[in-house]
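Undergrad: Here's my sequence, what's the structure:
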Amino acid sequence: MIEYPLPKDKVKSNTGKKLDDINMNNVLNGTITPEDIKISKETLKLQGEIAKQAGKKQLQQNFDRASELINVEDDLILEIYDKLRPNRATKDELLQYVNVLETKYKANKCADFLRDAIEVYERRGILIK
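TA: Below you'll find the predicted structure:
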């Protein structure tokens, strides 16, 4: 059983830095970079397990999808987010993002989530024709 909050030794950044390594002194002396403060896939998965144990399945699914996005460029995430606003994209444009998420990033849960959004957008008529 995983308990909340996670023990410090279980929390690591995406570059492998430990939580104790991330402090103001290390930031000021340059040993911590912006990449060092991004959460790791493993930490997100652990948080998802905590959510699951607490009976919060949707929260677990959110953590699982977030863990898939760790290596996706921020610009691409923001681009997809913008295209998911009503009447901002065609079905084909969104399907291209599905393909990129699946093939380049192996973000299958995110791709499935996007497919579900496309179906809802079609029903509601909020895709560009």
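Undergrad: and residue 8, what does it touch?
TA: 18-20 (Cβ atoms under 8 Å, 6 or more residues apart in numbering). C-beta coordinates here come from the backbone N, C-alpha and C atoms, glycine included.
Undergrad: Let's have those in CSV, adding secondary structure and distance to residue 66.
TA: Converted to CSV, these look like this (DSSP: H, G, I helix; E, B strand; the rest coil; distance: Cβ to Cβ, whole Å):
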residue, secondary structure, distance to residue 66
18, strand, 20
19, helix, 18
20, helix, 23
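Undergrad: which one of these is nearest residue 51?
TA: Nearest to residue 51, judged by Cβ to Cβ, of the contacts of residue 8 is residue 19 at 19.9 Å.
Undergrad: May I have the residues that are in contact with that closest one?
TA: Residue 19 neighbours (Cβ under 8 Å, 6+ apart): 8, 11-12.
Undergrad: Is residue 60 in contact with residue 48, as I believe?
TA: Yes: counting by Cβ atoms under 8 Å, residue 60 sits close enough to residue 48 to count as a contact (4.3 Å).
Undergrad: So those two - more neighbours on which side?
TA: Per other Cβ atoms under 10 Å, whichever of residue 60 and residue 48 has more neighbours is residue 48, with 22 against 19.
Undergrad: how much space between the more buried one and residue 65?
TA: Applying Cβ to Cβ, to the nearest Å, the value for residue 48 to residue 65 is 9 Å.
Undergrad: Over to residue 77?
TA: For residue 77, the distance to residue 65 - Cβ to Cβ - is 11 Å.
Undergrad: more neighbours, these two?
TA: Of the pair residue 77 and residue 65, residue 65 is the one with more neighbours under other Cβ under 10 Å, namely 19 against 12.
Undergrad: Could you identify the helix or strand that succeeds the host helix or strand of the more buried one?
TA: Element membership for residue 65, per DSSP states H and E: helix 57-68. Following helix 57-68 in sequence order, the next helix or strand is helix 74-83 (DSSP H and E).
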